[in-house]
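Asker: predicted model and sequence below, questions to follow.
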There are 2 protein chains.
Amino acid sequence: MLEELAKLSRSPLGNPTRLAIALYLLSRERATFAGLRKALKLTAGNLEFHLKALEEAGIVRTYYGFGRRPRKFVEITEDGIEELREVLKILRKVAGDD
Amino acid sequence: MLEELAKLSRSPLGNPTRLAIALYLLSRERATFAGLRKALKLTAGNLEFHLKALEEAGIVRTYYGFGRRPRKFVEITEDGIEELREVLKILRKVAGDD
């Protein structure tokens, strides 16, 4: 189990905030930056920081949509969904050991 | 569930390495610094860093034992066990949602 946790500490989702972002995105086609920020009660700077790391790791992609006003959208990638499944599997193993 | 993850991100155990340390200690009366380092495959500096945070949060206590040579021992506290239970409960909720 310690090996599983070592794997988790190397994952871009091995952090509660990033895990929350991925779980939030999993159930939605896409989210706005503002909506994500509100739901997760994060500062803009903090959310930016985590999204940048997740985007660099290929877990999420962000893009701008232009309607009445420009908005930043975020969505989870296929790789992100796969990584999330992997992390949840590890957490089930760890948490089930109680 | 997002609230649960926010709680996790505020916990001293909301980090895979610290969670691994606590789980390792849970099943033992005490561990040596060297044994913990070996089991978790951490550098001494990294382990020191995490133990300091865990000790400040009241999750573990460390002390020196003097036998043939001085050794640093680590053990989980009662508060640490309680916090670990709380974190595992959150992880079960999160991971069970798959």
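Answerer: It's in.

Asker: quick one: stretch A:74-87 near chain B?
Answerer: Yes. Legend: contact between stretch A:74-87 and chain B by CB under 8 Å from any CB of the partner chain is shown at residue A:85. The way it works is simple: take the backbone N, C-alpha and C, and place the C-beta from them, glycine included.

Asker: who touches that stretch?
Answerer: Stretch A:74-87 is contacted by residues A:8, A:11-14, A:19, A:21-23, A:25-26, A:28-33, A:36, A:51, A:54, A:57-62, B:98 when judged by CB atoms under 8 Å, 6 or more residues apart in numbering or on different chains.

Asker: please state the offset of that stretch from the chain centre?
Answerer: 8 Å (CA atoms, centre = their mean, to the nearest Å).

Asker: tell me which element the residue nearest in space to the middle of chain A falls in.
Answerer: The centroid of chain A falls nearest to residue A:22 when counting by CA atoms, centre = their mean (2.8 Å). Using DSSP states H and E, residue A:22 sits in helix A:16-26.

Asker: now do the buried residues in that helix.
Answerer: A:16, A:17, A:18, A:19, A:20, A:21, A:22, A:23, A:24, A:25 (16 or more other CB atoms under 10 Å in any protein chain shown).

Asker: which strands and helices sit next to that helix?
Answerer: When contacts are defined as 3 or more CB pairs under 8 Å, 6 or more residues apart in numbering or on different chains; DSSP states H and E, helix A:16-26 sits against helix A:33-40, helix A:44-56, strand A:60-66, strand A:70-76, helix A:78-96, helix B:2-10.

Asker: can you put those in CSV and add distance to residue B:67, mean neighbour count and mean pLDDT?
Answerer: Listed next are the helices and strands packed on helix A:16-26 as CSV, based on distance: least, CB to CB, whole Å; neighbours: other CB atoms under 10 Å in any protein chain shown; pLDDT from 0 to 100:
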stretch, distance to residue B:67, mean neighbour count, mean pLDDT
helix A:33-40, 50, 16, 93
helix A:44-56, 45, 15, 96
strand A:60-66, 52, 13, 93
strand A:70-76, 53, 16, 94
helix A:78-96, 34, 17, 91
helix B:2-10, 39, 16, 88
